[in-house]
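Novice: quick one, structure for this:
(one chain, ligands or ions: 2)
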Amino acid sequence: MIDDRPEAGAMAGMTGAANALDTRLGVAGFARRAARKVFPDHWSFLLGEIALYSFAVLLLSGVFLTLFFKPSMAEVVYDGSYAPLRGIEMSEAYASTLHISLEVRGGLLVRQIHHWAAIVFVAAIMAHMLRVFFTGAFRKPRELNWLLGFTLFTLALVNGFTGYSLPDDLLSGTGLRLVLGAVQSLPLVGSYAGFLLLGGEFPGTDLVPRLYILHVLVVPGLMLALVPVHAIVLPWVQKHTDHRRGLSTEKTVEGKPFYPVFMAKTAAFFLFVAGVTALLATIAQVNPIWLYGPYSPTAISAGSQPDWYLAFGDGALRLMPGWDVTVAGHTLAFGVIVPLLVVTAFMTALALYPFIERRLTGDRAVHHVLDRPRDAATRTGAGAAGIAFYGVLWAAAGNDIIAERFHLSLFATTWFFRAALFVGPVVAFAVTRRVCLGLRRRDMLLLKHGVETGIIVRRPSGGYVERTRPVPEETRIRLGALELETAREAAEDPQGIAGPR
Ligand code: HEM
Ligand code: HEM
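Specialist: Ligands and ions are numbered 1, 2, ... in the order given. This next block holds a predicted model:
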């Protein structure tokens, strides 16, 4: 019988192609297993995918920009279409970014897509990192993936900074000047590190080409190598974690197969992320460099701010008093060194958190089932303290704007943030921990007494009691009834194994 349906030809073609590939590479077995691989379904697992897809948008839009951007600090006289800057001397980098924005067809849109994608990218990474943190998904066996993720986070921050610096306008130059100042004030190595970056004295002519190579080759190359290992290979090999629900346990995962369900969903999700980024780039202006003019070492740019994700470093610098100490003829700029140390200590604690928690709790067990934040009250409190610390530094980067808009004294604002930096994390830790403990106790009460029905009955003896009904199985699983019971049983049985700590 001849199958004359229109899709029959396509199917036969695909089967033919699959056979041809299998006879050459022997991939059929793997492909079949891969297609059946199960992915758990939960909205919070999409945060990592948003990061993944905005990275793809960055790569695509970045390639377009390289076609027109000139990474050169050679001086040219502007004669483009933007009248207010005509006749002004500027670097080729700035002139070419103006050209992309104002003359290349679709150039402004792609530049804005690139910039918005960078903003969304880092926001998604942070949200994803917080979900991994608060659910304890970093515990054994995923500590390595946490470290890989942290490396990706740092690389994203570095690339955001180098990208922001490329157009060589007044704003990017001010940011660069600040970072170079910080690098140069490092004891012993500062001057050499500065020369290495600049290829001579500030501003030199090598900085933009060097940042360019970092921005389009070195850092994206490293990320391209690490992202698949982090987001695909390791979750595949170690299996994805899941929340306590349904059939998911430490040994099994409940979810949809990779093909066709997950693939269709994730492809649609990529289009959604790309679409939202393009929409943002269409309606919301970002970094209108033509308004700022070219960078000049003598110009002062007031009110300049970095992209949101680097603001915490700027805030740390703003909060520290400008203390200088001279030791054996060398000036130590504590105003810069202390904020650098604080930011480095914060980032190091973040990177090493899985190992710190393991040490403190003694929990060496393998975990595939996630915690709810309330299950680990101390960890959740520590996370809230970290957010408060970061948040204060971040907000302090806008101390001048806050002072101006709210008609406050700049000194009062700065002192407020200095105090908040010490008090905020302590309060956040104590309050969050207590809230978590309270919620956990409520869960335990529910498991012990059952669900209230509102029906009061009178006992033959005369007393009144409320009738309760058993907690539904799904809720018992979610609240961790099993874990609580095994822990209690083990604790009560002197011969039993020790309960998980
Ligand atoms: C470029 C940045 C990043 C991308 C593209 C990315 C992407 C992903 C994706 C797609 C997954 C699997 C799905 C999911 O759980 O969301 C994942 C898992 C994971 N990520 Fe990331 N991530 C990034 C950064 C980070 C950071 C900064 C951390 C933490 C410091 C981190 C820690 C983890 C861990 C521990 C897992 C395994 C979680 C599990 O199995 O439940 N990632 N990542
Ligand atoms: C982690 C990935 C990346 C991040 C976070 C990032 C971020 C940025 C940012 C914030 C800018 C300034 C945009 C502006 O002018 O307003 C920029 C510029 C630029 N980026 Fe990227 N980028 C990334 C990857 C790439 C890649 C992979 C390429 C090329 C293959 C690229 C090429 C460029 C070029 C040529 C510019 C200068 C032109 C311009 O400023 O419009 N970027 N990048």
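Novice: A helix includes residue 167, no?
Specialist: No: counting by DSSP: H, G, I helix; E, B strand; the rest coil, residue 167 falls outside a helix, being coil.
Novice: with adjacent residues omitted, what lies nearest to it?
Specialist: residue 97 (4.0 Å; Cβ to Cβ, 6 or more residues apart in numbering). The way it works is simple: take the backbone N, C-alpha and C, and place the C-beta from them, glycine included.
Novice: thought that neighbour was touching residue 172?
Specialist: No: Residue 97 lies out of contact with residue 172 (Cβ atoms under 8 Å); the separation is 9.4 Å.
Novice: the lengthiest strand in the chain - contacts with which helices or strands?
Specialist: Counting residues, the longest strand in the chain under DSSP state E turns out to be strand 451-458. Helices and strands touching strand 451-458, by 3 or more Cβ pairs under 8 Å, 6 or more residues apart in numbering; DSSP states H and E, are strand 464-469.
Novice: which neighbouring elements make contact with the strand it packs on?
Specialist: So strand 464-469, by 3+ Cβ pairs under 8 Å, 6+ apart, packs with strand 451-458.
Novice: ok, back up a step: direction included, what does the longest strand of the chain pair against?
Specialist: If you go by DSSP bridges, strand 451-458 pairs up with strand 464-469 (antiparallel).
Novice: residues in contact with whichever helix or strand comes after the partner strand?
Specialist: Following strand 464-469 in sequence order, the next helix or strand is helix 473-478 (DSSP states H and E). Residues outside helix 473-478 that contact it (Cβ atoms under 8 Å, 6 or more residues apart in numbering): 243, 244, 245, 246, 446, 447, 482.
Novice: likewise stretch 323-334?
Specialist: With Cβ under 8 Å, 6+ apart, stretch 323-334 has contacts from 185, 187, 320, 335, 338.
Novice: rerun that using 6 Å as the cut-off
Specialist: By Cβ atoms under 6 Å, 6 or more residues apart in numbering, the residues outside stretch 323-334 that reach it are 185, 335.
Novice: go on, stretch 143-154?
Specialist: Contacts of stretch 143-154 (Cβ under 6 Å, 6+ apart): 125, 138, 226, 230, 234, 351, 354.
Novice: swap in 8 Å and give it another go.
Specialist: 125-126, 128-129, 132, 138, 223, 226-227, 229-230, 234-235, 238, 347, 350-351, 353-355, 358.
Novice: quick one: is it near ligand 2?
Specialist: No: Stretch 143-154 does not reach ligand 2 (Cβ under 6 Å from any ligand atom); its nearest approach is 8.9 Å.
Novice: if we can go back for a sec, identify the contacts common to residue 97 and residue 172.
Specialist: Common neighbours of residue 97 and residue 172 (Cβ under 8 Å, 6+ apart) are 166, 289.
Novice: list only those of the contacts of stretch 143-154 flagged as buried.
Specialist: 125-126, 128-129, 132, 138, 223, 227, 230, 234-235, 350-351, 353-354 (16 or more other Cβ atoms under 10 Å).
Novice: between the residues you listed, which is nearest ligand 2?
Specialist: residue 223 (6.0 Å; Cβ to the nearest ligand atom).
Novice: residue contacts, residue 262?
Specialist: By Cβ under 8 Å, 6+ apart, the neighbours of residue 262 are 39, 255, 256.
Novice: would you say it is within a strand?
Specialist: No: per three-state DSSP, residue 262 lies outside any strand segment and is helix.
Novice: follow-up on the earlier one: tell me the SS of the residue nearest to residue 167?
Specialist: helix.
Novice: for it, give me its contacts.
Specialist: So residue 97 contacts 69, 111, 166, 167, 168, 169, 289 (Cβ under 8 Å, 6+ apart).
Novice: what pLDDT does the closest residue to ligand 2 within the stretch 351-500 of the chain get?
Specialist: Proximity of the stretch 351-500 of the chain to ligand 2 (Cβ to the nearest ligand atom) peaks at residue 397, 16.7 Å away. The model reports residue 397 with a pLDDT of 93.
Novice: correct me, but residue 215 touches residue 161?
Specialist: No: the criterion here is Cβ under 8 Å, and residue 215 misses it with residue 161 at 9.2 Å.
Novice: spell out which parts of this structure neighbour ligand 1.
Specialist: Checking the chain against ligand 1 by Cβ under 6 Å from any ligand atom, the hits are 45, 47-49, 51-52, 55, 125, 128-129, 132, 137-138, 142, 145-146, 149-150, 152-153, 156, 227, 230-231, 235, 240-241.
Novice: which bits of the stretch 251-400 of the chain sit near ligand 2?
Specialist: Residues of the stretch 251-400 of the chain lying near ligand 2 (Cβ under 6 Å from any ligand atom): residue 287.
Novice: quick check: the closest residue to ligand 1 within the stretch 51-200 of the chain vs ligand 2, distance?
Specialist: Across the stretch 51-200 of the chain, no residue is closer to ligand 1 than residue 149, which sits at 2.3 Å (Cβ to the nearest ligand atom). Distance of residue 149 to ligand 2, given as Cβ to the nearest ligand atom, to the nearest Å: 14 Å.
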